[in-house]
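**Student:** test case, fold it:
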Amino acid sequence: MDDRSAIQQLIAESARYLSREHYNDAQIEAAIATVFGVDTDLIEDGTYFVAESAGVMVGCGGWSRRKTLFGGDQYSSRDKGYLDPESERAKIRAFFIHPNHARKGIARAILTRCEDEARAQGFHALELMATLPGIAFYKSCGFSEQGNFSLDLIPGVKLELVPMRKNL
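**Tutor:** Now for the predicted structure:
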């Protein structure tokens, strides 16, 4: 919990710099204000991880046994209920990498940890809601696209996302 503000800062920096090819400024800033953010439940559940390099936070991400598919504490459409590992998919959540450390294997290392823990908890599959810049990464890790999704952030601003799944 002591890292909440540093995580939030990392999320904002990652979104502002790594999303530029896919989203405009209005979409990025609205997403940071309304949906991209720290999910305290993940921290409290012990399923959210940070990566550091030389004492600096360079990445974060986690998994969840709760029903919420995406969104930080500020996102109003959240379901804190627990999933049934036998019939439901664990959620991969809130992956963000510092722009200076992108494409260095940090996200893959965090994802591997999440997959291993979800499997150990009895889950047979995973799902996530990918931002457009994350699609190629998740595909390279064995996830498949499950259509498209458009999230209304604020009046006149939508964020295109892609639901993805993977069997363990």
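
**Student:** which parts of the protein are strands?
**Tutor:** Remark: strands assigned in the chain by DSSP state E are 48-53, 56-64, 90-97, 125-131, 144-145, 149-154, 157-167.

**Student:** columns mean pLDDT, distance to residue 114 and mean neighbour count on top of these, output as a markdown table?
**Tutor:** Quick note: C-beta positions are derived from backbone N, CA and C, even for glycine. Shown next, in a markdown table, are the strands of the chain (pLDDT from 0 to 100; distance: least, Cβ to Cβ, whole Å; neighbours: other Cβ atoms under 10 Å):
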| stretch | mean pLDDT | distance to residue 114 | mean neighbour count |
| --- | --- | --- | --- |
| strand 48-53 | 96 | 8 | 18 |
| strand 56-64 | 97 | 4 | 22 |
| strand 90-97 | 97 | 6 | 25 |
| strand 125-131 | 98 | 8 | 21 |
| strand 144-145 | 98 | 17 | 12 |
| strand 149-154 | 96 | 21 | 14 |
| strand 157-167 | 98 | 11 | 17 |
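
**Student:** select, out of those, the one closest to residue 39.
**Tutor:** strand 90-97 (5.9 Å; Cβ to Cβ).

**Student:** for that closest one, packing partners?
**Tutor:** Strand 90-97 makes packing contacts with helix 4-18, strand 56-64, helix 106-120, strand 125-131 when contacts are defined by 3 or more Cβ pairs under 8 Å, 6 or more residues apart in numbering; DSSP states H and E.

**Student:** next, the angle strand 125-131 makes with the first one.
**Tutor:** Note on geometry: by axes from the mean of the first three to the mean of the last three Cα atoms, to 10 degrees, helix 4-18 and strand 125-131 are set 60 degrees apart in direction.

**Student:** circling back: of all the helices and strands packed on strand 90-97, which lies closest to residue 36?
**Tutor:** Among the helices and strands packed on strand 90-97, helix 4-18 sits nearest to residue 36 (Cβ to Cβ), with 5.4 Å.

**Student:** give me the angle between that closest one and strand 48-53.
**Tutor:** Using the same axes, to 10 degrees: helix 4-18 against strand 48-53 is 70 degrees.

**Student:** what residues of helix 4-18 count as buried?
**Tutor:** Using 16 or more other Cβ atoms under 10 Å as the test for burial, helix 4-18 gives 7, 8, 10, 11, 12, 13, 14, 15, 16, 18.

**Student:** can you list contacts of stretch 70-89?
**Tutor:** Identification of contacts with stretch 70-89 by Cβ atoms under 8 Å, 6 or more residues apart in numbering yields 11, 33-41, 64-68, 90-91, 93-94, 121-129, 161, 165.

**Student:** then stretch 93-108?
**Tutor:** 10-11, 13-15, 17-18, 36, 38-39, 42, 48, 51, 53, 56-64, 68-70, 72, 110-111, 128, 134, 137, 141.
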